[in-house]
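Trainee: Need a 3D model of the following:
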Amino acid sequence: MPNGSMAVITGGTAGIGRACAEALLAAGARGVLINGRDAGRAERARVDIQAQFPRARVAVALGDVSKAEVAEAVMAQAIQQLGRIDVLVNSTGGNDLPRLLFRTPPAQIPGIFERCLFAQILSCAAALPYMREAGGGAVINIASDAGKIPTPGESVIGASMAGIIMFTRALAVEGKRDGIRANVLTPSLTSGTEHYDKVMADPFAGRLFAKAEKMAALGVVSKEELAGLAVFLASSAAAKITGQAISMTGGISAL
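Mentor: Model prediction:
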């Protein structure tokens, strides 16, 4: 993997997820299924990716994978369209803006956990039977450094990201006997995404992350650079790497 592999990317119609889909195909994956909630965006992404990789199989499965029945349907569609799932990249959630807890309406908190944490857990649970049957697979979950570093405005976001990290580590321990590896990427600022633009334009979050950006002495990480790390983790070069939470921040943190 990824040469000749089949990959599913949840949250794969834009941003980091789409960059991962394109990078996997560029590295030799034979097919991808991208998942998203917006039908128009998904179709535009499919057409564009297919044009870049005319020999690859590019499929779409719509729906919100934070719902168990949708996550199961998406993975079932992947088997129908691709035949197998060798690589699963979960790039769902992570688009909530930082807000101090006392400014966060309690009614909004469950949705943050659904979008970030539940979507990734449910997607992994739905894909796991197919990977076990095939005798292996690689899972790459996308969280953030908010799951490692307590940051003002990210108490709820950080809790959900920390949940992704611990879930992925436990999945790695459980999956190793079936040849399944699981790792998690924890970026900070990631340029070239709509979320980056939203964060930097927000009065509170913009001030917070402008300070972080100055700390990225090696340069702010782009979505393409992060996708390159995902490809490495899916590849045979990373065959002995599992259960790791890997930061890629340009020097913002060193964890």
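Trainee: which intervals of the chain have sub-threshold pLDDT?
Mentor: Along the chain, the parts satisfying pLDDT under 70 run over 1-2.
Trainee: now with 90?
Mentor: 1-3, 93-95, 151, 188-200, 202, 204-217, 252-255 (pLDDT under 90).
Trainee: In it, spot the helix with the most residues.
Mentor: The single longest helix within the chain, with elements called by DSSP state H, is helix 155-175.
Trainee: Let me know the next secondary structure element after it.
Mentor: Going down the chain from helix 155-175, the next helix or strand is strand 180-187, by DSSP states H and E.
Trainee: Alpha carbons of that following strand, as PDB, please.
Mentor: These are the backbone C-alpha positions of strand 180-187, laid out as PDB (Å, rounded to 0.1, in the frame of the first residue of the first chain):
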ATOM      1  CA  ILE A 180      -4.500  -3.700  10.800                       C
ATOM      2  CA  ARG A 181      -2.400  -0.600  11.600                       C
ATOM      3  CA  ALA A 182      -3.900   2.600  13.000                       C
ATOM      4  CA  ASN A 183      -2.200   6.000  13.400                       C
ATOM      5  CA  VAL A 184      -3.400   9.500  13.900                       C
ATOM      6  CA  LEU A 185      -2.100  12.800  12.500                       C
ATOM      7  CA  THR A 186      -2.300  15.900  14.800                       C
ATOM      8  CA  PRO A 187      -1.700  19.000  12.800                       C
END
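Trainee: I'd like the numbering to begin with 882 instead of 1 from here.
Mentor: Shifting the count to begin at 882 puts that one at strand 1061-1068.
Trainee: Walk me through which strands it pairs with, and which way each runs.
Mentor: In the sheet, strand 1061-1068 lines up against strand 1018-1023 (parallel), strand 1126-1129 (parallel) (DSSP bridges).
Trainee: C-terminal to it, what's the next element?
Mentor: Scanning forward in sequence from strand 1061-1068 by DSSP H and E, the next helix or strand is strand 1071-1072.
Trainee: got a list of contacts for that following strand?
Mentor: Contacts with strand 1071-1072, where a contact means CB atoms under 8 Å, 6 or more residues apart in numbering, come from 897, 1077, 1101-1104, 1107. Just so you know, the C-beta spots here come from the backbone N, C-alpha and C atoms, and that holds for glycine as well.
Trainee: Same question for stretch 944-953.
Mentor: 891, 916, 918, 954-955, 973-974, 995-996, 999-1000, 1003-1004, 1006-1007.
Trainee: for it, which positions count as buried?
Mentor: 944-947, 951-953 (16 or more other CB atoms under 10 Å).
Trainee: Tabulate the residues you listed in JSON lines, adding columns for secondary structure.
Mentor: Output for those, formatted as JSON lines (DSSP: H, G, I helix; E, B strand; the rest coil):
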{"residue": "944", "secondary structure": "coil"}
{"residue": "945", "secondary structure": "coil"}
{"residue": "946", "secondary structure": "coil"}
{"residue": "947", "secondary structure": "coil"}
{"residue": "951", "secondary structure": "helix"}
{"residue": "952", "secondary structure": "helix"}
{"residue": "953", "secondary structure": "helix"}
